[in-house]
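Participant: all I have is the shape, not the residue letters:
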């Protein structure tokens with residue numbers, strides 16, 4: 001298999017998978033190093049492929065649901081409840097965005113669709129001793145969410161409001 005054929009196969013594998021695919025899994029599948037897969041994905045993205053790197057692996061952006069943004073403010077201890085509220089209302093948490101005074105907008109890809117995804121994300125954060133991006137901005141951050149309809153988005157916002165984490169004007 002040539003490198004170009006491998007890149008095409010990686011793109012197809014990511015696009016067809018309902019869940020994120022790790023670089024390690026792709027490396028095993030195609031008999032190359034993890035770093036080769038990372039380089040292949042970088043080349044695919046540079047060529048316009050809509051592949052997102054999440055903490056759980058690569059995904060192809062494929063949402064037909066409307067995208068919305070919601071502003072929140074909370075402590076690190078409240079993060080799991082906030083994320084669970086979003087996925088419990090049928091929404092997918094695509095990312096977290098903060099405004100850094102030096103670097104400008106910083107975005108972390110999440111792609112959280114269920115309580116299991118949230119649990120895994122929180123566990124990985126604790127195991128790596130990583131701190132949430134929102135701590136850079138005193139807890140203020142945005143999430144891009146994909147919701148199946150306006151009613152789900154409204155219910156999600158109400159849930160966030162009830163938790164006391166929805167940032168409103």
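Facilitator: Structure received. As the structure is a computational prediction, the values presented were derived from the model and not from experiment. Numbering: from 1, shown residues only.
Participant: which element is residue 69 on?
Facilitator: For residue 69, the host element (DSSP states H and E) is strand 67-73.
Participant: could you check the angle strand 67-73 makes with the next helix or strand after that strand?
Facilitator: Sequence order places helix 79-88 as the next helix or strand after strand 67-73, per DSSP H and E. Interaxial angle of helix 79-88 relative to strand 67-73 (axes from the mean of the first three to the mean of the last three C-alpha atoms, to 10 degrees): 150 degrees.
Participant: what's helix 79-88 packed up against?
Facilitator: Secondary-structure packing of helix 79-88 (3 or more C-beta pairs under 8 Å, 6 or more residues apart in numbering; DSSP states H and E): strand 92-100, strand 104-112, helix 115-127, helix 150-163. No exception for glycine: its C-beta is placed from N, CA and C like everyone else's.
Participant: try 10 Å this time
Facilitator: Contacts defined by 3 or more C-beta pairs under 10 Å, 6 or more residues apart in numbering; DSSP states H and E place helix 79-88 against strand 67-73, strand 92-100, strand 104-112, helix 115-127, strand 140-146, helix 150-163.
Participant: which helices and strands sit right next to the strand holding residue 69?
Facilitator: Judged by 3+ C-beta pairs under 10 Å, 6+ apart, the packing partners of strand 67-73 are helix 79-88, strand 92-100, strand 140-146, helix 150-163.
Participant: output the below-cut-off pLDDT ranges for the chain.
Facilitator: For the chain, the stretches flagged by pLDDT under 70 are 61-64, 132-137.
Participant: what about the residue nearest the centre of the chain, distance to residue 39?
Facilitator: Central residue of the chain (C-alpha atoms, centre = their mean): residue 110, 1.7 Å from the mean position. Here residue 110 is placed at a distance of 24 Å from residue 39 (C-beta to C-beta, to the nearest Å).
Participant: ditto for residue 145
Facilitator: Separation of residue 145 from residue 39 (C-beta to C-beta) stands at 31 Å.
Participant: now swap in residue 155 and tell me
Facilitator: From residue 155 across to residue 39, the span is 42 Å (C-beta to C-beta).
Participant: give the contact list for residue 74.
Facilitator: Neighbour list for residue 74: 81-82, 132, 134, 139-141, 160, 163-167 [criterion: C-beta atoms under 10 Å, 6 or more residues apart in numbering].
Participant: quick one: which of the residues you listed is most hemmed in?
Facilitator: Greatest neighbour count in the contacts of residue 74, by other C-beta atoms under 10 Å, goes to residue 141: 26 neighbours.
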